[in-house]
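**Student:** Sequence and predicted structure, then a few things I'm wondering about:
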Amino acid sequence: MDNFSPVADTADENPTALLSVATENLVSNLVALGVKITTHDPLARDWIERGVTAQIARWAVAIARQRKPKGSIPPRYLHPIIEEIMTSPGVSGIQRGPPGWWNNEAGTLAMGQTLGVIPLRGESMPEFRSRIQIEIEKQKNQAQRRA
């Protein structure tokens, strides 16, 4: 069986193409979360070159939503939040989530959205926060097993 991978071969020959695809993926994720950004924004390329993952971007958006619950989020608003996350000690894999996400309903809902955990009908906020924390721990354990 032939294991030829045209994507990998193209990336090996053209690292710029791989960088462009990664930038498009990050931008697509950010736009879906309400960030007004394009692939031509220099911050998008900078974030990819610095290793900002979709998970880090989602954390940053969750923090931004705590501070700015309504409307779109400009990249310049998100930038210092991403910087803070990237310079935090031990940023790798899944962690406990952005600080303070449990302090208010908007932060909790944003964190739930980030992790794909939705509130159940009739569920109290403390119960929802517990389910989010269980998901965070589950993802953290999975990341540690892969490492």
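**Tutor:** Now that the structure is in, tell me what you want to look at.

**Student:** downstream neighbour of the helix or strand of the chain with the lowest mean pLDDT in the secondary structure list?
**Tutor:** Ranked by mean pLDDT, DSSP states H and E, the weakest helix or strand in the chain is helix 6-13, scoring a mean of 44. Heading C-terminal from helix 6-13, the first helix or strand you meet, by DSSP states H and E, is helix 15-32.

**Student:** mean confidence score for that next one?
**Tutor:** The predicted model assigns helix 15-32 a mean pLDDT of 80.

**Student:** Can you give me the buried ones in it?
**Tutor:** Leu18, Ala22, Thr23, Leu26, Val27, Asn29, Leu30 (16 or more other C-beta atoms under 10 Å). (Glycine included, C-beta is placed from N, CA and C.)

**Student:** ok, and for the helix or strand hosting Tyr77, which residues are buried?
**Tutor:** Assigned by DSSP H and E, Tyr77 belongs to helix 75-87. For helix 75-87, burial by neighbour count (16+ other C-beta under 10 Å) applies to Pro75, Leu78, Ile81, Ile82, Ile85.

**Student:** Next, the angle helix 15-32 makes with it.
**Tutor:** Put simply, helix 75-87 runs at 110 degrees to helix 15-32, going by axes from the mean of the first three to the mean of the last three C-alpha atoms, to 10 degrees.

**Student:** what residues does helix 75-87 touch?
**Tutor:** Under the criterion C-beta atoms under 8 Å, 6 or more residues apart in numbering, residues 30, 35-37, 41, 43-44, 47, 50-52, 56-57, 59-61, 63-64, 68, 91, 98 lie in contact with helix 75-87.
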